[in-house]
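Asks: Take a look and give me a structure for this.
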Amino acid sequence: MAILLPNSKWTKETTPSIYEYIKGSGNRIVNPSLIFDKYLFWGESNGKPTLNIKSGKNRIDYRLEHFKRVIGLGSPLEPARYNQLKDRKNSLPRTCTFTLTTRTRLIVNHGDESILENSIALYPHYGFPIIPGSAIKGATRHYCEEFPDEPDEVLIKKIFGNSSDDKNAEEGSIIFLDAWPASIGNNFFETDVFTPHYQDYYQGKDLPRDDQSPIPVNFLAVRKRVQFEFAIAPSSICGEDEAQDCIDKTVGLVTDALRTFGIGAKTGSNYGYFK
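Replies: A predicted model of the protein is given here:
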């Protein structure tokens, strides 16, 4: 992540031309994921970089401006190219796809390392939101562990496998692929905000007292009513006679898990639920 201080010589000489190039190229060339990770403008206060500058009654939130810039870029992919890319992802033999729609906002990989303090899972080359297959598998297995009678333990082991530490370790019979939006578009994201009321306490500086000034923190989230296409496929150890049964049951489990428990960060605050 580049820290672009407004008064540095490099910033003064190069930033205008870079920004005009990004703004002028529209959504056909610029990678929103790259901008999100690497092109953040900072303010400067007493010679130090800051994401918030207060001037009188006004406050400049550089993080919020950064998110708005990313949202405004959209995706550089045309629908036909996107569908080709999605078909390649789902090209394993006997891949089964199904769609679910976000019922609430969604944040996956919120805790990934980022200079912004919070992140989001984006496809690295084209900037559209994704849900990693590992996250889908983990959320579904958690659902099965919470409701052990549905399905039975034998089927859970067959679908997910078990730990490599187990002397009878087995590979799972289902491969969970990343979920992508069902179609490409420029309306996936919106900004949201949370307000930590005891910031000094969270930083280990003071007790949690009510006289501490809360500073709102903006972050990027996938908006409601975005349709995702999920994909699973039988692994090489899954026999022909049992593949369809495992696929059908896994589709039901993923659907129930994401409707019941959600996926990603802040599910306890009503994020990450599907319908």
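Asks: so what's P216 up against?
Replies: Taking CB atoms under 8 Å, 6 or more residues apart in numbering, we find P216 in contact with D61, V193, F194, T195. The C-beta positions use only the backbone N, C-alpha and C, and glycine is treated the same way.
Asks: oh sorry, the question was meant for V217
Replies: Neighbour list for V217: R63, E117, N118, V193, F194, T195, P196 [criterion: CB under 8 Å, 6+ apart].
Asks: Out of the residues you listed, which end up buried?
Replies: Of the members of the contacts of V217, the ones counted as buried by neighbours, 16 or more other CB atoms under 10 Å, are R63, N118.
Asks: May I see the contacts of V217 arranged in CSV, with distance to I263 and pLDDT as well?
Replies: Shown next, in CSV, are the contacts of V217 (distance: CB to CB, whole Å; pLDDT from 0 to 100):
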residue, distance to I263, pLDDT
R63, 25, 82
E117, 21, 72
N118, 17, 80
V193, 21, 85
F194, 19, 77
T195, 24, 72
P196, 24, 62
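Asks: Redo the contacts of V217 as TSV? Include secondary structure and distance to K224.
Replies: Conversion of these to TSV gives the following (DSSP: H, G, I helix; E, B strand; the rest coil; distance: CB to CB, whole Å):
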residue	secondary structure	distance to K224
R63	helix	22
E117	coil	24
N118	coil	19
V193	strand	16
F194	strand	17
T195	coil	21
P196	coil	24
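Asks: which of the contacts of V217 lies closest to A243?
Replies: Set against A243, the nearest of the contacts of V217 by CB to CB is N118 (39.4 Å).
Asks: wait, isn't the closest one in contact with F67?
Replies: No. Between N118 and F67 there is no contact under CB atoms under 8 Å: 10.6 Å.
Asks: what do those two both touch?
Replies: Joint contacts of N118 and F67 (CB under 8 Å, 6+ apart) are F219.
Asks: how far away is the nearest residue to G111 once chain neighbours are set aside from F67?
Replies: Nearest non-adjacent residue to G111, counting by CB to CB, 6 or more residues apart in numbering: A265, 6.7 Å away. Distance of A265 to F67, computed by CB to CB, to the nearest Å: 16 Å.
Asks: What ranges does the stretch 1-150 of the chain have for its helices?
Replies: Counting by DSSP state H, counting those that start in this stretch, one finds helices in the stretch 1-150 of the chain at the ranges 9-24, 32-38, 62-73, 79-89, 133-146.
Asks: Switch these over to CSV; also include distance to F274.
Replies: Listed next are the helices of the stretch 1-150 of the chain as CSV, based on distance: least, CB to CB, whole Å:
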stretch, distance to F274
helix 9-24, 33
helix 32-38, 23
helix 62-73, 22
helix 79-89, 19
helix 133-146, 10
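Asks: who wins for proximity to D112 among these?
Replies: Nearest of these to D112, taken as CB to CB: helix 32-38 at 10.0 Å.
Asks: Which secondary structure elements does that closest one sit against?
Replies: If you count contacts as 3 or more CB pairs under 8 Å, 6 or more residues apart in numbering; DSSP states H and E, helix 32-38 packs onto helix 62-73.
Asks: Just the buried residues of the helix it packs on, please?
Replies: Within helix 62-73, judged by 16+ other CB under 10 Å, the buried ones are Y62, R63, L64, H66, F67, R69, V70, I71, L73.
Asks: what's A233 in contact with, if anything?
Replies: L92, P93, R94, T95, C96, I174, I175, L177.
Asks: Go again with 10 Å.
Replies: Residues near A233 by CB atoms under 10 Å, 6 or more residues apart in numbering: 90-97, 174-177, 243, 247.
Asks: List the beta-bridge partners for it.
Replies: Taking DSSP bridges, one finds I175 as the beta-bridge partners of A233.
Asks: swap in L220?
Replies: According to DSSP bridges, beta-bridge pairing links L220 with T191.
Asks: Now do the buried residues in the helix ranked longest in the chain.
Replies: For the chain, the longest helix by residue count, based on DSSP state H, is helix 240-260. Applying a neighbour-count criterion of 16+ other CB under 10 Å, the buried positions in helix 240-260 are A243, C246, I247, T250, V251, L253, V254, T255, A257, L258.
Asks: Now do it: which elements does it pack against?
Replies: With contacts taken as 3 or more CB pairs under 10 Å, 6 or more residues apart in numbering; DSSP states H and E, helix 240-260 sits against strand 96-101, helix 133-146, helix 153-160, strand 174-176, strand 227-234.
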